[in-house]
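1. 3D model of this:
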Amino acid sequence: MNTSTRGSALTTLLKHPARIAVLGMTACVGTGISDSGLCAGLRGSVIALEAGLLAHPETHDAVGEPGTDVVIGYNAGCRS
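-> I've put the predicted structure just below:
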């Protein structure tokens, strides 16, 4: 996935908080989606999100807080 595609996917995700909530909940409830498949599919986007948040600490809290929650949830559910 190139940087442009990754950025647009992240932008789309961040514009739809419900999607973030659904993605976050999949780590907590049983679904038909495999954890390894979900984690692998999100890895690149979460890495890009984390890098962007670290590179821009001035990011407004309305974006930074949920973005940080996504990174923390991913790390807890996919890297443990």
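
2. So residue 43: helix, strand or coil?
-> Using DSSP: H, G, I helix; E, B strand; the rest coil, the structure places residue 43 in helix.

3. Please give me every residue in contact with it.
-> Going by CB atoms under 8 Å, 6 or more residues apart in numbering, residue 43 touches residue 78. Glycine gets a C-beta too; all of them are placed from N, C-alpha and C.

4. what bits of this protein have low per-residue confidence?
-> Scanning the chain for pLDDT under 70 picks out the ranges 1-34, 80.

5. which residue ranges form the helices in it?
-> 3-14, 17-25, 35-55, 61-78 (DSSP state H).

6. Between helix 61-78 and the longest one, find me the angle.
-> Angle of helix 35-55 versus helix 61-78, following axes from the mean of the first three to the mean of the last three CA atoms, to 10 degrees, is 140 degrees.

7. What are the buried residues along helix 35-55?
-> 38, 39, 42, 45, 46, 48, 49, 50, 52, 53 (16 or more other CB atoms under 10 Å).

8. Next: stretch 63-70.
-> Per 16+ other CB under 10 Å, stretch 63-70 contains these buried residues: 67, 70.

9. Would you mind extracting the C-alpha trace of it into PDB?
-> The C-alpha trace of stretch 63-70 is given here as PDB (Å, rounded to 0.1, in the frame of the first residue of the first chain):
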ATOM      1  CA  VAL A  63      -8.500  13.600  16.400                       C
ATOM      2  CA  GLY A  64      -5.500  12.800  18.600                       C
ATOM      3  CA  GLU A  65      -7.400  11.200  21.500                       C
ATOM      4  CA  PRO A  66      -9.400   8.700  19.400                       C
ATOM      5  CA  GLY A  67      -6.400   8.100  17.200                       C
ATOM      6  CA  THR A  68      -4.300   7.300  20.300                       C
ATOM      7  CA  ASP A  69      -7.100   4.900  21.500                       C
ATOM      8  CA  VAL A  70      -7.000   3.100  18.200                       C
END
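
10. From here on, call the first residue 193.
-> Taking 193 as the first residue, the last one we looked at is stretch 255-262.

11. Tell me how far residue 269 lies from residue 231.
-> 7 Å (CB to CB, to the nearest Å).
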